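[1] I'll drop the sequence and a predicted model, then ask my questions.
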Amino acid sequence: MALDLSGLNPDQRAAVLTTEGPLLVLAGAGSGKTRVITHRVVYLLERGVAPGNIVALSFTNKAADEMRERLQKMTGKAVADSLVLGTFHSVGAAMMREQPDHFGVPKKFGILDQGDVYGLVRAVLRDLGLHGQGAERRFDLGAIVQRISLWKNDFVSPADAQGLYFETEYDEAAAAVYGPYEERLRALGAVDFDDLIVRIATTLEENAAARAYWQDKFRYLMVDEYQDTNRAQLEVVRRLAGERENVCVVGDDDQAIYGWRGAKVANILGFDMYFKRARTIKLEQNYRSYAPICTCANAVIARNTSRHEKQLVPQRRGGDKVTVVVAPDGDQEARWIGRTIFREVRENGTKPEDIAVLYRSAKQCDAIEALLQEHGLAYRILGGQAFYDKKQVKDALAYLKVMIAPKDDLATRRALDVPSRGVGLKTIEHLSEFARHRNLSLAEAIHRSDEIADIPSRAAAGLRSFSAAVKRAQAHFYASGSAVAPLQGLLEGVGLREYVLKEAGSEAAATARWDGVVWLLEALGRFEQRGRARGQVRYNDFFQVMNANKDKDEGDEEDAARGKITLSTLHSAKGLEWPLVLLIGCEEGVMPHKRVSAPRISDAIAGDLEEERRLFYVGITRARDRLFITRAATRLERGAQVPRKPSRFLDDLPEAEIRVHDIARDERLGHDNIASMAEAFLANLAKGL
DNA sequence: CTTGCTCTAGTTAGG
DNA sequence: CTAGAGCAAG
């Protein structure tokens, strides 16, 4: 297999062929970045580098999987699978598992997920008496968790944190929690996600033997989406690279949109400060979008000051102007979007999977979702609260765990809680104590609850029926070998379905919520089927998938998207592209988001206007053929119709490349604002009747 | 312990 | 306007 580089442009080829020394590849949107990375790996292999000596780090499992898939096609499965290819976290975890002593972890260490971390922090807050002590002392757990995470990734120790100057009570609370939190982690023999990176960095710094071992093993490093790295990740890269500095990082500073998560754009902006011999290659040819889209994108991003100067040079000629759509109000904006998509699909024959609606914040999709439903169009939603993350689905999942993994006390507690059955905090305390004394799980304690004194009769009755329902479901499960029907029975039996339907405000909401549970049951069925085909069903894997990766169950991106319009937050849209893109709600306060200009005290990181602009840029550059940017002149906000200012980013669009479509004016609904609003009002009335 | 009322806040997300 | 949380009453 000889590597064919003829399909690459000179810059791409240079990026592939520069294998020695530090290299920064600035890959503009749609510049063929993935091809460069895969070709580069194949080239290294052809030069005789052993696959085990090549490391490619990414941020998401999805990105890592996609890279592995492409490489499998080029090199065959065996070679591709022996590359070290994965997320920072997964590679870090693998290193720690290989040398637990060096990294200071037990042989079998646990990894806490977000929920566990919240639980720990809540417990520490309680210990410190900082929680639930009057209204003024109530903290948003997330804000504290975030601060601790940011400190860890900046190598700020608990002691360091105590010594910092604090502007807010949040910083103080977080500093107080940090130390005890770390102690508890250690006591549990567990690490959190941050440790998977930070511990690698510190150990490689302090332990010469470990450093020598890993530097010898990982001879060629590649990092994708480098603009998203934080301080700890930078240090992992530097310390793995050693003096050899065979580091190739690929990224785009103009698409750095995770500063609020601790990512440092400085890592990519100052790459040659950290790696003095660095060579920089810019990939500026854009193979994705028509010229007007590229021109708009260039004009917008040029307004940012801290960036590597570069352009998108469109390789596709022609194309429509970008359309800016102005609606009189939010409702009409949504209707216009629904109508436009409907026409595209039903009259112009555009494939649904070629259309995306992008927005700044997840809630904006509600209105669009409703309209697509009205038009009978299929869609999928990226970002925002994932399906499996919704309360009902988590509840159902807890019942599944209670049924097949009864030792999971966390799940038992959750299941016990919904629907309410007269069992409260006090009773659970009694149960836990009983369990602790006898070394039982919470579930076992529940089954033997009649042995426990001090349980009120109402709670006792609740526990008895819970216990009976669980036992019945378990028997059914062991007899049938499948969890689907028993779980369904259990959920009905404990009245979860009734509860979910009753809790929801409207009929539509109730159905939507229960659909989440149905979806879980279907996913479980598919999972069992796959497992049986392979010989065994490992439910633990199912829980992992549910916990960690929403897309796993859907298979690959293309399958999941087929036949569906995509609704996505701008953050989740990064890296994707569609022929037709609608970028909606482009108003001040939404984009840029108002929290950038008016931060709250719980915000650990101040918002950044340049980052907001990059977000807008990411949105524009997702479009291949056509781009619509929409906004509303007024919007219903907290019950009142308020005027909205157009996003300042719209001012940056070059007039020659855009066309403005004012819905009120162009549809001859009237020439002045009052008339169009009256029209809109009447239209709303008609809709209501 | 549960229910129902009142208050408050309301970005973005991955392992 | 809503969802989630806190709090007082049954």
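    Structure received. As the structure is a prediction and not an experimental result, all values here were calculated from the model. Numbers count the residues shown, from 1 in each chain, chains lettered A, B, ... in the order given.
[2] So A:Pro180 is in contact with A:Asp127, correct?
    Yes - at 6.8 Å, A:Pro180 counts as touching A:Asp127 under the criterion of CB atoms under 8 Å. From N, CA and C alone the C-beta is placed, and that goes for glycine too.
[3] ok, these two, which is more surrounded?
    A:Pro180 (17 against 12; other CB atoms under 10 Å).
[4] ok, the helix or strand hosting that one near DNA strand C or not?
    Per DSSP states H and E: A:Pro180 is located in helix A:169-188. No - counting by CB under 7 Å from any atom of the strand, DNA strand C has no neighbours in helix A:169-188; the shortest distance is 14.4 Å.
[5] what residues does that helix touch?
    A:110, A:112, A:120-121, A:123-125, A:127-128, A:130, A:139-140, A:143-144, A:147-148, A:151, A:158-159, A:161-162, A:164, A:166, A:191-192, A:195, A:601-602, A:604 (CB atoms under 8 Å, 6 or more residues apart in numbering).
[6] restrict those to contacts with DNA strand B.
    Near DNA strand B, by the rule CB under 7 Å from any atom of the strand, you find A:192, A:602 out of those.
[7] Hmm, A:Pro654 is touching A:Ala299, no?
    Yes - in this structure A:Pro654 lies within contact range of A:Ala299 using CB under 8 Å: 5.0 Å.
[8] helices or strands up against the helix or strand just after the helix holding A:Pro180?
    Using DSSP H and E, the next helix or strand after helix A:169-188 towards the C-terminus is strand A:190-191. Applying 3 or more CB pairs under 8 Å, 6 or more residues apart in numbering; DSSP states H and E, we find strand A:190-191 packed against strand A:110-111.
[9] And the strand of greatest length in chain A, what does it pack against?
    Assignment by DSSP state E gives strand A:623-637 as the longest strand of chain A. Based on contacts counted as 3+ CB pairs under 8 Å, 6+ apart, the elements that strand A:623-637 packs against are strand A:285-290, helix A:291-301, strand A:322-329, helix A:330-346, strand A:578-583, strand A:640-643.
[10] where does the stretch 501-650 of chain A have low pLDDT?
    A:502-513, A:544-558 (pLDDT under 70).
[11] can you give me the helices in it?
    A:507-534, A:539-548, A:557-561, A:570-573, A:594-597, A:609-620 (DSSP state H, counting those that start in this stretch).
[12] export those to JSON lines and tack on distance to DNA strand C?
    Below are the helices of the stretch 501-650 of chain A laid out as JSON lines (distance: least, CB to the nearest atom of the strand, whole Å):
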{"stretch": "helix A:507-534", "distance to DNA strand C": "6"}
{"stretch": "helix A:539-548", "distance to DNA strand C": "19"}
{"stretch": "helix A:557-561", "distance to DNA strand C": "25"}
{"stretch": "helix A:570-573", "distance to DNA strand C": "20"}
{"stretch": "helix A:594-597", "distance to DNA strand C": "15"}
{"stretch": "helix A:609-620", "distance to DNA strand C": "24"}
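[13] Quick one: closest of the ones you listed to A:Pro486.
    helix A:507-534 (10.7 Å; CB to CB).
[14] chain center to that closest one: distance?
    21 Å (CA atoms, centre = their mean, to the nearest Å).
[15] Let me know the average pLDDT across stretch A:436-456.
    Mean per-residue pLDDT for stretch A:436-456: 81.
[16] let me fix that: stretch A:267-287
    96.
[17] cool, stretch A:116-131 as well?
    On average, stretch A:116-131 scores 77.
[18] Nearest residue to A:Thr18 in space, please, no chain neighbours.
    A:Arg279 (6.3 Å; CB to CB, 6 or more residues apart in numbering).
[19] Backbone dihedrals for the one you found, please?
    Here is the backbone geometry of A:Arg279 (degrees, to the nearest 10): phi -110, psi 140.
[20] what's around the closest residue to DNA strand C within the stretch 351-500 of chain A, how many residues?
    Of all residues in the stretch 351-500 of chain A, the one sitting closest to DNA strand C is A:Lys391 (6.2 Å; CB to the nearest atom of the strand). Residues within reach of A:Lys391, counting by other CB under 10 Å, total 14.
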